[in-house]
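Chemist: Attaching a predicted model along with its sequence, questions to come.
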Amino acid sequence: MVKGQNPKTKVSVALFGELTIEVNGVVVSGPLSRSKKLKNMAQYLIMHQNRPVPHGELYATFWPDEGSANPRGALKTLMHRLRTALVQGGAPEELTFITVGQGAYQWNPALDTTCDFVEFEKAFHRLQEEDCGGEERMRLLEQACALYRGRLSDETELWMVSPTVYFHGCYLKLVGELCERLRQEQRADEAADLCRDALRFDELDEGLNRELILALTACGRNQEAMQQYNRVTELYYSELGVQVSDELRALYRKIAAAEETTDMNIDSVRDRLQEKEGTTGAFVCEFGIFQDIYRIEERVLARYGGRIFLGLLTVTNAYMETPEQKVLNRAMDQVLSVVRKSLRQCDIVSRFSPSQYVVLLPTVTYETGEMVMERIRKTFRREFPKSPVMLSCKLRPLRPQDGERIME
């Protein structure tokens with residue numbers, strides 16, 4: 001019998017989320033966390049456990065730029081430290097985790113080892129086969145999604161990037177299918193929980209956010225769905241500096257429309273539409289709602305006349321460029337706080353782009369609108385004198401007239 005092959009010894013390895021090595025249910029990998037190189041070497045051998053890994057490959061991977069005068073000695077020392085660390089973690093001294101071959105090391109193939117990424121990949125490949133359906137398909141989807149507990153440990157290592165991207169892409173695909181099937185089986189609550197778990201690993205993935213919004217809607221939790229949309233919209237602005245897709249915005253509008261229910265009592269309809277008492281400052285809304293209000297106001301002006309002005313507030317640095325994301329996020333929050341206080345309750349404001357707000361100013365003259373814009377600019381500078389950004393304002397009437405002045 002090969003050393004380390006004990007029929008009673010079961011080794012379990014997890015690489016998703018955090019490296020964990022267990023022997024008969026006891027975690028023995030704790031000491032590896034003290035050394036990044038030890039941890040990475042263990043992961044490398046485990047991920048390539050189906051073959052002996054040549055010394056030269058390990059030199060190139062772990063000492064690419066160090067120019068060690070004795071790379072063979074450095075590798076031998078690291079392997080000794082790895083074995084010692086596992087024993088210190090509680091592994092039996094006689095258990096051989098790593099075998100030595102002709103110019104190569106290998107994770108002991110004689111060990112009864114179960115790996116989360118291996119089981120995940122088996123399930124994923126089986127799910128790609130045409131004859132995988134029914135209860136088996138549902139079981140494999142749930143099994144694979146449960147195995148994935150986050151991106152591969154230490155994904156920043158160059159050799160780890162490709163498998164990390166591969167497994168994460170597979171996971172997102174499986175979550176999307178499982179969520180859809182759960183919704184079809186009237187298990188939308190489970191789909192929502194699955195999405196929330198997945199978003200812990202990738203909160204910016206639009207597909208996951210869309211699935212969560214759909215699941216919440218299927219549960220009748222429309223208000224939560226709309227709150228999730230608002231949250232991801234802000235995340236996209238603050239983290240990526242972009243808007244969410246037209247598809248996601250269309251889904252939001254569909255949910256918002258579904259919130260309108262039939263009610264024969266006009267008093268209860270009025271009560272539902274009224275704002276809560278104590279609301280002050282400008283009305284802040286999502287850009288899709290702003291567009292609807294804008295178009296309604298255009299029609300009113302075309303029919304009855306009047307004056308409404310559109311304002312555009314833009315945040316830039318001293319070179320008239322978009323500031324870096326961290327500075328921009330803080331400045332946009334500051335500008336919004338100023339705008340809320342500087343405008344009336346009948347004024348409307350929305351975020352137009354990562355660095356811009358738009359405002360609608362009903363029932364004002366050009367001169368009054370110009371004063372409002374200037375007040376916002378001065379208030380911002382007064383309240384945030386150390387801010388490194390500049391705030392520029394432009395003003396336009398919704399329906400221009402001959403000789404109309406404009407504010408730049």
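Modeler: Thanks, I have it. Numbering: from 1, shown residues only.

Chemist: Show me what counts as buried in the biggest helix by length in the chain.
Modeler: When the chain is parsed with DSSP state H, its longest helix is helix 158-184. Going by neighbour count (16 or more other Cβ atoms under 10 Å), the buried part of helix 158-184 is 159-160, 163-164, 167-168, 170-172, 174-176, 178-179, 182-183. Placement of C-beta: from N, CA and C, glycine included.

Chemist: Show me what the helix or strand following it is packed up against.
Modeler: Later in the chain than helix 158-184, the nearest helix or strand by DSSP states H and E is helix 188-199. Other elements packing on helix 188-199 under the criterion 3 or more Cβ pairs under 8 Å, 6 or more residues apart in numbering; DSSP states H and E are helix 158-184, helix 206-218.

Chemist: Run the angle between helix 188-199 and helix 206-218 for me.
Modeler: 160 degrees (axes from the mean of the first three to the mean of the last three Cα atoms, to 10 degrees).

Chemist: which stretches of this structure have low pLDDT?
Modeler: Filtered on pLDDT under 70, the chain yields the residue ranges 1-7, 66-69, 155, 259-279, 399-408.

Chemist: Tell me which stretches of it form strands.
Modeler: Secondary structure of the chain by DSSP state E: the strands cover 11-14, 20-23, 26-27, 53-54, 98-101, 104-107, 113-115, 283-284, 308-316, 348-353, 356-362, 390-397.

Chemist: Would you give the sheet partners of the second one, along with the direction of each?
Modeler: With DSSP bridges as the criterion, the sheet partners recorded for strand 20-23 are strand 11-14 (antiparallel), strand 26-27 (antiparallel).

Chemist: Would you mind giving the ones you listed as JSON lines with mean neighbour count and distance to Ser355 added?
Modeler: Putting these into JSON lines (neighbours: other Cβ atoms under 10 Å; distance: least, Cβ to Cβ, whole Å) gives the following:
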{"stretch": "strand 11-14", "mean neighbour count": "20", "distance to Ser355": "43"}
{"stretch": "strand 26-27", "mean neighbour count": "13", "distance to Ser355": "48"}
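
Chemist: got CSV for those, with distance to Glu286 too?
Modeler: Formatted as CSV, the strands paired with strand 20-23 follow (distance: least, Cβ to Cβ, whole Å):
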stretch, distance to Glu286
strand 11-14, 41
strand 26-27, 47
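
Chemist: Show me the one of these that comes nearest Tyr319.
Modeler: Among the strands paired with strand 20-23, strand 11-14 comes nearest to Tyr319, with 48.7 Å by Cβ to Cβ.

Chemist: can you pull out the helices in the stretch 1-150 of the chain?
Modeler: In the stretch 1-150 of the chain, the segments counted as helices under DSSP state H, counting those that start in this stretch are 36-47, 55-62, 71-88, 116-127, 134-147.

Chemist: Out of those helices, which one sits most buried?
Modeler: The highest average neighbour count among the helices of the stretch 1-150 of the chain, using mean count of other Cβ atoms under 10 Å, belongs to helix 36-47 at a mean of 19.

Chemist: I'd guessed Val364 sits against Glu370; true?
Modeler: No. Applying Cβ atoms under 8 Å, one finds Val364 not in contact with Glu370, separated by 9.2 Å.

Chemist: Can you show me the helices along the stretch 251-400 of the chain?
Modeler: Defined through DSSP H, counting those that start in this stretch, the helices belonging to the stretch 251-400 of the chain, from first to last, are 266-273, 287-304, 325-342, 366-383.

Chemist: Could you dump those into CSV and include mean neighbour count and distance to Val389?
Modeler: Formatted as CSV, the helices of the stretch 251-400 of the chain follow (neighbours: other Cβ under 10 Å; distance: least, Cβ to Cβ, whole Å):
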stretch, mean neighbour count, distance to Val389
helix 266-273, 10, 37
helix 287-304, 14, 21
helix 325-342, 17, 4
helix 366-383, 16, 9
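
Chemist: who wins for proximity to Val11 among those helices?
Modeler: That would be helix 325-342 among those, by Cβ to Cβ, at 44.0 Å.

Chemist: and for that closest one, what are the contacting residues?
Modeler: The contact list for helix 325-342 (Cβ atoms under 8 Å, 6 or more residues apart in numbering) reads 237-239, 241, 281-282, 284, 313, 315, 317, 322-323, 349, 351, 354-355, 357, 359, 372, 375-376, 379-380, 383-384, 387-389, 391.

Chemist: Any quick PyMOL command for the buried ones out of these?
Modeler: The command below creates a PyMOL selection of those among these that count as buried (16+ other Cβ under 10 Å):
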select buried, resi 237+238+282+284+313+315+317+322+323+349+351+354+355+357+359+372+376+379+380+384+387+389+391
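
Chemist: on that earlier part again, export the helices and strands packed on helix 188-199 as TSV, with columns for distance to Val53.
Modeler: Below are the helices and strands packed on helix 188-199 laid out as TSV (distance: least, Cβ to Cβ, whole Å):
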stretch	distance to Val53
helix 158-184	11
helix 206-218	35
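
Chemist: Relative to Leu248, which of those helices is closest?
Modeler: Distance to Leu248, taken as Cβ to Cβ, is lowest for helix 206-218 among the helices and strands packed on helix 188-199, at 5.9 Å.

Chemist: Show me the contact partners of that closest one.
Modeler: The contact list for helix 206-218 (Cβ under 8 Å, 6+ apart) reads 172, 175-176, 179-180, 182-183, 188-189, 191-192, 195-196, 198-199, 202, 222, 224-225, 228-229, 232, 244-245, 247-248, 251-252, 255, 258.

Chemist: Next: stretch 381-394.
Modeler: Outside stretch 381-394, the residues within contact range by Cβ under 8 Å, 6+ apart are 311-318, 320, 323, 327-328, 331, 334-335, 338, 373-374, 376-377, 380, 406-408.
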